[in-house]
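Student: Okay, structure incoming, though there's no sequence with it:
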């Protein structure tokens, strides 16, 4: 670590020096620009702090900044996560902290980290201990022809993704946002380390403007000394870099659970999607337990409608068959601290493994503090957690690894009201699922409104990552499709490695994931018939494997064996809106 008097504004470079951040921290408007391999991807982008509207002038007053010192260090952090694209992670970054004096008398620390897959920056106010009154403005300026994929903002983040250009984008959008700058360079904007000390942000855009804004609700934030704004995150590079990035969890430190042996991800049988009234029927829930046990799935989820009179018996029945039980609950049922303690202790005594906390649907600071409080108590009772209608993942699973998944996506439950376009499905691996686990609840063969083939639906079990992978269709539907049933018995919910193979947002995505020494490949497409090439260089040796793909109708699966070498490349014909799976056992 080095501390030196501030002399000019030297750039901050990644350890490999391929990514460079240029800063100007002087005056009322500060700027940040990012280059990769000498080519500027983020134009000088304005960062400002303003005091609230003055009663005298009726306008916001800009706060002037002057940088007076700089501290540099290299970060090399190795950590493990229980779920995600991989379990073992190495984070290497250069961090610079600029000490600044503000015109309103406060002090500011501007933190910048640069790694091989992106940039993160945050503001820290070491002396702030009162109601926060300033407004922070952070914008990212893109080259003029940048293409954007954005999802209109909703509190539960369950909206469709639309392609546009930065200059045509208008409105408020959920994070993350995906941007194609050049043919081989992409940017994903998101945030990390959001907790009850602040609130989640959104992305804002104005037509005929080259900027995308980080913005948060104009609500007061109550702070403590040493207050920090969450990390603003810019993942950048090739599509492979974006899809495989683990920058978001790497920015969150201080795990709060020492003993994690009780935390077990898994596959979940779930009856609500296909038989919504079955959640009130204990005998039908036992059918789902039996099916999960026969398949080797780890859990069943008993959704809204269960009664406390029969849950203990069901939990015991499931335990005898080595199946755990999750219970649905509305977040308001756990809001009051005394009620929260009473219910969680009771469910823990019953032997329940985890809870699905639903209808969170808010992103202000008070709701974030509820997340913090609930996660602390559920950790004490060793209850796993699945958040629905929730905030976007921001790396919380690093601090609280018993959070196994979040919804925060327009997923398969929306088939009950409308449809999901195949293009939407093919964008999610490049956006929503990049930043954390995603409870899309996939593999819905019986959806009346679907436009996808059965091969597409089955491949979602690999393409989408979630620490709790809820297979949403009925056990009868799966039993009627023996090839799908065979594959779903084998595909896990935990991965040791993830490789992006090929694809483009809106047209297709092919990913390979490793569990132990087994490899699984999932590929989905949108649009007309196409050929997907799968180089097999991820294999370490020759293998005999299995391919599952659509028959000529797109409503049934074919299962075939194949023997391959790591030097081979498969060329697979795929039907319109289709997909396929590959499985290579050890």
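Tutor: Happy to help now that I have it. Only a predicted model underlies this, so the values are computations on that prediction, with no experimental measurement involved. Numbering: from 1, shown residues only.
Student: SS state for the residue lying closest to residue 271 once chain neighbours are set aside?
Tutor: The shortest distance from residue 271 to any non-neighbouring residue, by C-beta to C-beta, 6 or more residues apart in numbering, is to residue 278 (4.2 Å). Yep, even glycine has a C-beta here, placed from its N, CA and C like the rest. Assigned by DSSP: H, G, I helix; E, B strand; the rest coil, the conformation of residue 278 is helix.
Student: Report whether the expected contact of residue 278 with residue 272 is present.
Tutor: Yes - counting by C-beta atoms under 8 Å, residue 278 touches residue 272, with 7.3 Å between them.
Student: show me the contacts for residue 102.
Tutor: Counting by C-beta atoms under 8 Å, 6 or more residues apart in numbering, residue 102 makes contact with 49, 63, 64, 65, 108.
Student: please redo it, this time with the cut-off set to 10 Å
Tutor: When contacts are counted by C-beta atoms under 10 Å, 6 or more residues apart in numbering, residue 102 touches 49, 63, 64, 65, 66, 108, 125, 134.
Student: Surely residue 303 is in contact with residue 327?
Tutor: Yes - Residue 303 is in contact with residue 327 according to C-beta atoms under 10 Å; the separation is 8.6 Å.
Student: Start and end of stretch 315-328, how far apart?
Tutor: 14 Å (C-alpha to C-alpha, to the nearest Å).
Student: burial of the closest residue to residue 149 other than its chain neighbours, as a residue count?
Tutor: Using C-beta to C-beta, 6+ apart and skipping the chain neighbours, the partner closest in space to residue 149 is residue 178 (4.2 Å). Around residue 178 there are 25 other residues, counting by other C-beta atoms under 10 Å.
Student: moving C-terminal of the helix or strand hosting residue 178, what's the next helix or strand?
Tutor: Using DSSP states H and E, residue 178 sits in strand 171-182. Tracing the chain past strand 171-182, the next element assigned as helix or strand by DSSP H and E is strand 185-192.
Student: That next one - which strands sit beside it in the sheet, and in what orientation?
Tutor: When sheet partners are counted by DSSP bridges, strand 185-192 sits next to strand 171-182 (antiparallel), strand 231-237 (antiparallel).
Student: Overlap of the contact sets of residue 303 and residue 327?
Tutor: Contact with both residue 303 and residue 327 is made by residues residue 356, according to C-beta under 10 Å, 6+ apart.
Student: Show the contacting residues for the residue nearest to residue 149.
Tutor: So residue 178 contacts 147-151, 161, 163, 186-190, 235, 239, 242, 427, 430-432, 434, 505 (C-beta under 10 Å, 6+ apart).
Student: Mind listing the residues bridging to it?
Tutor: residue 149, residue 188.
Student: Quick one: closest of the strands paired with strand 185-192 to residue 294.
Tutor: Residue 294 lies closest to strand 171-182 among these, at 38.4 Å (C-beta to C-beta).
Student: so what does the helix or strand where residue 294 lies touch, helix or strand wise?
Tutor: Element membership for residue 294 (DSSP H and E) is helix 282-295. Helix 282-295 is packed against strand 266-270, strand 299-302, helix 311-320, strand 324-330, helix 475-479, helix 482-490, with contacts defined by 3 or more C-beta pairs under 10 Å, 6 or more residues apart in numbering; DSSP states H and E.
Student: how far is the longest one from where the chain is centred?
Tutor: Distance of helix 311-320 from the chain centroid (C-alpha atoms, centre = their mean, to the nearest Å) equals 32 Å.
Student: The nearest residue to residue 385 once chain neighbours are set aside and residue 393, how far apart?
Tutor: Spatial nearest neighbour of residue 385, excluding adjacent residues (C-beta to C-beta, 6+ apart): residue 403 at 5.0 Å. Note on residue 403: its distance to residue 393, by C-beta to C-beta, to the nearest Å, is 8 Å.
Student: shared neighbours of the two, which are they?
Tutor: Residues touching both residue 403 and residue 393 (C-beta under 10 Å, 6+ apart) are 387, 436, 437.
Student: Of the residues you listed - the most surrounded one?
Tutor: residue 436 (28 neighbours).
Student: is residue 355 in a bridge, and if so with what?
Tutor: residue 327, residue 385.
Student: Check which residues of the helix or strand where residue 94 lies are buried.
Tutor: Taking DSSP H and E as the criterion, residue 94 maps to strand 88-102. Buried residues in strand 88-102, counting neighbours by 16 or more other C-beta atoms under 10 Å, are found at 89, 91, 93, 94, 95, 96, 97, 98, 99, 100.
Student: which residues does the fifth one contact?
Tutor: Meaning residue 95. Neighbours of residue 95 in contact, by C-beta under 10 Å, 6+ apart: 1, 12, 71-75, 111-115, 120.
Student: re earlier: hey, which of the helices and strands packed on helix 282-295 is tucked in deepest?
Tutor: Most buried of the helices and strands packed on helix 282-295, by mean neighbour count (mean count of other C-beta atoms under 10 Å): strand 299-302, with a mean of 27.
Student: Quick one: low-confidence residue ranges for the protein.
Tutor: Residues of the chain meeting the criterion pLDDT under 70: 1-9, 52-60, 128-134, 217-220.
Student: give me that answer again for 80
Tutor: Scanning the chain for pLDDT under 80 picks out 1-10, 50-61, 128-136, 216-226.
Student: Tell me where the longest helix sits in it.
Tutor: helix 365-380 (DSSP state H).
Student: chain center to that one, what's the gap?
Tutor: Centre-to-centre, helix 365-380 and its host chain are 19 Å apart (C-alpha atoms, centre = their mean).
Student: Pull out the buried residues from that helix.
Tutor: Neighbour counts over helix 365-380 (16+ other C-beta under 10 Å) mark 365, 367, 368, 370, 371, 374, 375, 378, 379 as buried.
Student: same thing with stretch 246-263?
Tutor: Buried-residue list, stretch 246-263, by 16+ other C-beta under 10 Å: 246, 247, 248, 249, 250, 251, 252, 257, 263.
Student: Stretch 531-542 too?
Tutor: 532, 534, 536, 538, 539.
Student: From the rest of the structure, what touches that stretch?
Tutor: 497, 499, 501-503, 508-510, 512-514, 517, 519, 521, 523-525, 543, 545, 547, 563-574, 578-580, 582, 584, 586.
Student: List the residues that contact residue 292.
Tutor: 266-270, 298-301, 318, 321-324, 471, 475.
Student: Secondary structure class of residue 361, three-state.
Tutor: coil.
Student: got the contact list for it?
Tutor: Contacts of residue 361 by C-beta under 10 Å, 6+ apart are 154, 155, 156, 157, 158, 331, 367, 388, 389, 390, 391.
Student: Could you report the separation of it from residue 408?
Tutor: With C-beta to C-beta as the criterion, residue 361 and residue 408 are 11 Å apart.
Student: Now list whatever residues contact both of those two.
Tutor: Contacts common to residue 361 and residue 408, judged by C-beta under 10 Å, 6+ apart, are 154, 156, 157, 158, 388, 389, 390, 391.
Student: Just among the residues you listed, which is most surrounded?
Tutor: Most crowded among the shared contacts of residue 361 and residue 408, counting by other C-beta under 10 Å, is residue 390 at 28 neighbours.
Student: For the nearest residue to that one once chain neighbours are set aside, the count of nearby residues, please.
Tutor: Of all residues not flanking residue 390 in the chain, residue 360 sits nearest, at 4.4 Å (C-beta to C-beta, 6+ apart). Residue 360 has 22 neighbours, counted by other C-beta under 10 Å.
Student: Just to check, residue 360 is in contact with residue 200?
Tutor: No - the criterion here is C-beta under 10 Å, and residue 360 misses it with residue 200 at 11.1 Å.
Student: Thanks a lot, see you next time.
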